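Visitor: Return a 3D structure for these sequence lines:
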Amino acid sequence: MGSYENSIDAKSRMIVPSKFREAFRGRCIFTRGFDQCLNMYTAEEWERFYEELKKLPRSSKDARNFIRHMFKNAVECEIDKQGRVTIPARLRTYAGIEKELVTVGTGDYVEVWARNVWEETVEEEEPDGSQLAEGMEKYGI
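Guide: Below is the predicted model of the structure:
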């Protein structure tokens, strides 16, 4: 959990915030997120997510498209001893990451955002807490 501002270096590496490093144990899986961000999973969480995806009905076009979306864009990456990981070029392009970024812990994965996209998409459009709470009633929260 938490959010951290960061940047990538000339070799397209980001430093994984120290709060997240232990969970990743030296490797991670990046894939495209849903709001022009990247999702960064631990190997264990990716496997759990994969088990959930296997339960989706293959007869459903939406399910097949969702599975394709998640897997065609997935890349396993190594985190070096200094806590740096290279973000693949095609994923950086999708997310609009050029230099500055924001990493956000979301419970079971980390979102990686271009800072300008984060500010434009999330911070500007985020409703207040009471609006969020009202919207969650339909999910039983």
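Visitor: And the helices in this protein, which stretches?
Guide: Along the chain, counting by DSSP state H, helices occupy 18-24, 43-54, 61-72, 89-95, 115-118, 129-136.
Visitor: will you turn the ones you listed into JSON lines that also has mean neighbour count?
Guide: For every residue, glycine as well, the C-beta is placed using N, CA and C. Listed next are the helices of the chain as JSON lines, based on neighbours: other Cβ atoms under 10 Å:
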{"stretch": "helix 18-24", "mean neighbour count": "14"}
{"stretch": "helix 43-54", "mean neighbour count": "14"}
{"stretch": "helix 61-72", "mean neighbour count": "12"}
{"stretch": "helix 89-95", "mean neighbour count": "16"}
{"stretch": "helix 115-118", "mean neighbour count": "18"}
{"stretch": "helix 129-136", "mean neighbour count": "10"}
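Visitor: Relative to residue 9, which of these is closest?
Guide: Among the helices of the chain, the nearest to residue 9 by Cβ to Cβ is helix 89-95 (12.4 Å).
Visitor: name the helices or strands packed onto that closest one?
Guide: Applying 3 or more Cβ pairs under 8 Å, 6 or more residues apart in numbering; DSSP states H and E, one finds that helix 89-95 contacts strand 27-32, strand 38-41, strand 110-114.
Visitor: Between these, which one is closest to residue 74.
Guide: strand 27-32 (4.2 Å).
Visitor: check contacts around the closest residue to residue 38 other than its chain neighbours.
Guide: Closest residue to residue 38 apart from its sequence neighbours, by Cβ to Cβ, 6 or more residues apart in numbering: residue 112 at 4.2 Å. Residue 112 makes contacts with 14, 30, 37-40, 87, 95, 97, 101-104, as judged by Cβ atoms under 8 Å, 6 or more residues apart in numbering.
Visitor: how near is the residue nearest the centre of the chain to residue 29?
Guide: Residue closest to the average C-alpha location in the chain (Cα atoms, centre = their mean): residue 39, at 1.6 Å. Residue 39 sits 8 Å away from residue 29, going by Cβ to Cβ, to the nearest Å.
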